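S.K.: heads up, no residue letters with this:
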């Protein structure tokens, strides 16, 4: 995990924040339809290697996008569910997230890309997982928004 990008950190949160949330990467649809021009992070793209990820193996999540302005702080809220059961409802500090990938705030405006690797557990329950991820910048403005639906 060497390159700072808020979106990569968000993906890592989704992939590592709770044991039940790790495996859904095996078949995911990521929807950034709520990501209109009013959000600071634009043109979001995510890929997984291997694709699809496999239970018991590492997966590398690569993300890219364009940050419309410098970010000196903010919050990322992640709500993840296994079926109808909420398995994660957590708010993270943007600057703490980028520290986890070796960088710091402020995050400059412009093109961003980054990646991170996490293990996919081999013994998680199968089923449908969903995640809603929203973020605000240091002024409370819209930073990022996406939904992920994953099937194990």
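M.R.: Arrived safely, thanks for sending. Bear in mind the structure is a predicted one, so any value in this text is a computation, not a measurement. Residues are numbered from 1 along each chain as shown.
S.K.: From the chain's centroid, how far away is the host helix or strand of residue 130?
M.R.: Using DSSP states H and E, residue 130 sits in strand 128-137. Remark: strand 128-137 is offset 8 Å from the chain centroid, using Cα atoms, centre = their mean, to the nearest Å.
S.K.: Quick check: next helix or strand after it?
M.R.: Counting by DSSP H and E, what follows strand 128-137 is strand 142-151.
S.K.: Identify each buried residue in that next one, please.
M.R.: In terms of neighbour count (16 or more other Cβ atoms under 10 Å), strand 142-151 has its buried residues at 142-148, 150. Heads up, the C-betas are built off the backbone N, CA and C, glycines and all.
S.K.: got those residues as CSV, with pLDDT columns?
M.R.: As requested, those are arranged in CSV below (pLDDT from 0 to 100):
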residue, pLDDT
142, 93
143, 91
144, 89
145, 88
146, 85
147, 86
148, 80
150, 71
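S.K.: Rebuild those as TSV, extending it with distance to residue 98.
M.R.: Below are the buried residues of strand 142-151 laid out as TSV (distance: Cβ to Cβ, whole Å):
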residue	distance to residue 98
142	18
143	12
144	13
145	18
146	18
147	22
148	20
150	24
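S.K.: First-to-last residue distance for stretch 113-124?
M.R.: From its first residue to its last, stretch 113-124 covers 30 Å (Cα to Cα, to the nearest Å).
S.K.: Do I have it right that residue 150 meets residue 129?
M.R.: Yes. With contact defined as Cβ atoms under 8 Å, residue 150 and residue 129 form a contacting pair (4.5 Å).
S.K.: any idea how far residue 109 is from residue 51?
M.R.: 30 Å (Cβ to Cβ, to the nearest Å).
S.K.: and the next element down the chain from the helix or strand of the chain with the lowest mean pLDDT?
M.R.: Across the helices and strands of the chain, mean pLDDT, DSSP states H and E gives its lowest value to helix 6-16, namely a mean of 41. Later in the chain than helix 6-16, the nearest helix or strand by DSSP H and E is strand 28-31.
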